[in-house]
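Peer 1: Give the three-dimensional model of this entry:
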Amino acid sequence: MSATTFFTSRKRALGPVLPGLILCLAVTGVALALEGIEAHLFGRAWLEALVLAIVLGTAVRTAWSPGPRFVRGIAFGAKTVLEIAVVLLGASLSLGTLLAAGPGLLIGIAGVVALAIAGSYGIGRALGLAPRLAILVACGNSICGNSAIAAAAPVIGADGQDVASSIAFTAVLGVLVVLGLPLLVPLLGLSPMQYGVLAGLTVYAVPQVLAATAPVAALSVQVGTLVKLVRVLMLGPVVLALSLGASRLRREVDAAAPSPTEGERPAPSRMPLHRLVPWFILAFLTLAGLRSAGLLPEAAVHPMAATANALTIVSMAALGLGVDVRSVVKAGPRVTLAVVASLAALTAVSLGLIRLLGIA
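Peer 2: Alright, predicted model coming up:
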């Protein structure tokens, strides 16, 4: 194959996705610029580029509906780009961090995450949220906010509107938690160590943990960051469990839909392995395993993490561009209440763990 033929075939393959993908990149560029302006004016970015990307994308979609030539590129950004970002995220996780924290706290963190996911899902379903949206809210609250939502969404087959709804309200509350959580230190008489654990268990993103703990004490920053990183490590097992339960979720959703006639009903089939455990989850776990075994060059870790973050922002822009804001507004009150109630439950469970372990 000649070079001309090769590039012609690549152009033909990429051509349909380029307009939409370029639009996603444009939204991403604006989001990154706004994040930089925030950091310059206030010393830190209160709204991260990931959040700004989905907000800007939704705003663009509200003011202007992209034509058919943009659809495939936007869909590519929302699915394929996101899956690649999840894979690269595995390079940032090391099981060594988990083992170094000690058994009691590690088991406690895993227990808090499990209880929080179950409780948050139950709250969401009790408030009338659809199963997939309830799962996204539960994962976002219980693990690592937007990243957990982004990782869980393709596994359970959530659509852009569910992702946008959960991320939008989770993002707003994430900022409020950063601002309000330090107020609990005098109210509850928390030590720097106790507050660090609490912040690591409740705040959504690692940068937000730093922002929430810095005003209290250096020890709070160190402990909060460690606990948060251990909590992030729960993402792999949780997403794997979701992938194993995805077929059951599909059956529950299908059961709620109108039953097809006998002629339309598909024949029973066995779920193939590649559908049961998506490729990007296996790749994510493989990279995490390589990092833990020391087989991944340390020089490659930071670039892969930075690439994962950039691709996630692009995918969030794509999700925003594919969202009808009217549907988000319609789901708003229930999602907000579910997120607030779930966050309150997570805080209560986290304080319970601190007391149970006797952390001073």
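Peer 1: In the stretch 51-200 of the chain, what residue spans correspond to helices?
Peer 2: With DSSP state H, counting those that start in this stretch as the criterion, the stretch 51-200 of the chain has helices at 68-89, 95-100, 103-126, 131-139, 146-156, 160-180, 184-188, 192-202.
Peer 1: Check those for me and report the most buried one.
Peer 2: helix 131-139 (a mean of 27; mean count of other Cβ atoms under 10 Å). Quick note: C-beta positions are derived from backbone N, CA and C, even for glycine.
Peer 1: now it and helix 160-180, what's the angle there?
Peer 2: On the basis of axes from the mean of the first three to the mean of the last three Cα atoms, to 10 degrees, helix 131-139 is oriented at 20 degrees to helix 160-180.
Peer 1: low-confidence ranges in the stretch 51-200 of the chain?
Peer 2: 93-102, 169-172, 175 (pLDDT under 70).
Peer 1: switch to 90 and redo it
Peer 2: Scanning the stretch 51-200 of the chain for pLDDT under 90 picks out the ranges 51-55, 57-59, 61-68, 75, 77-110, 127-134, 137, 140-180, 182-183, 193.
Peer 1: Give me the helices and strands touching the lengthiest helix in the chain, please.
Peer 2: As assigned by DSSP state H, the longest helix anywhere in the chain is helix 325-357. The elements that helix 325-357 packs onto, with contact taken as 3 or more Cβ pairs under 8 Å, 6 or more residues apart in numbering; DSSP states H and E, are helix 49-63, helix 103-126, helix 131-139, helix 160-180, helix 192-202.
Peer 1: Mind listing what's buried along that helix?
Peer 2: Neighbour counts over helix 325-357 (16 or more other Cβ atoms under 10 Å) mark 325, 328, 331, 334-339, 341-343, 345-347, 349-351, 353-354 as buried.
Peer 1: ok, back up a step: and of the helices and strands packed on helix 325-357, who's closest to residue 150?
Peer 2: Nearest to residue 150 among the helices and strands packed on helix 325-357 is helix 160-180 (7.3 Å), distances taken as Cβ to Cβ.
Peer 1: Dump that closest one to CSV, keeping only the CA atoms.
Peer 2: C-alpha atoms of helix 160-180 as CSV (Å, rounded to 0.1, in the frame of the first residue of the first chain):
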residue,chain,number,x,y,z
GLY,A,160,-25.2,11.4,27.9
GLN,A,161,-28.2,13.0,29.7
ASP,A,162,-27.7,10.7,32.7
VAL,A,163,-24.0,11.5,32.8
ALA,A,164,-24.6,15.2,32.5
SER,A,165,-27.2,15.2,35.2
SER,A,166,-25.1,13.4,37.7
ILE,A,167,-21.9,15.3,36.9
ALA,A,168,-23.6,18.7,36.9
PHE,A,169,-25.0,18.4,40.4
THR,A,170,-22.1,16.4,41.8
ALA,A,171,-19.8,19.2,40.5
VAL,A,172,-21.8,22.0,42.2
LEU,A,173,-21.9,20.1,45.5
GLY,A,174,-18.2,19.3,45.2
VAL,A,175,-17.4,23.0,45.3
LEU,A,176,-19.8,23.5,48.3
VAL,A,177,-18.2,20.6,50.2
VAL,A,178,-14.7,22.2,49.7
LEU,A,179,-16.0,25.4,51.1
GLY,A,180,-18.2,24.0,53.9
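Peer 1: contacting residues around stretch 117-135?
Peer 2: 137-139, 141-143, 152, 156-159, 162, 165-166, 238, 242, 249, 252-253, 331, 334-335, 337-338, 341-342, 345-346, 349 (Cβ atoms under 8 Å, 6 or more residues apart in numbering).
Peer 1: Please state the offset of stretch 350-360 from the chain centre?
Peer 2: How far stretch 350-360 lies from its chain's middle: 27 Å, per Cα atoms, centre = their mean, to the nearest Å.
Peer 1: average pLDDT for that stretch?
Peer 2: Mean per-residue pLDDT for stretch 350-360: 88.
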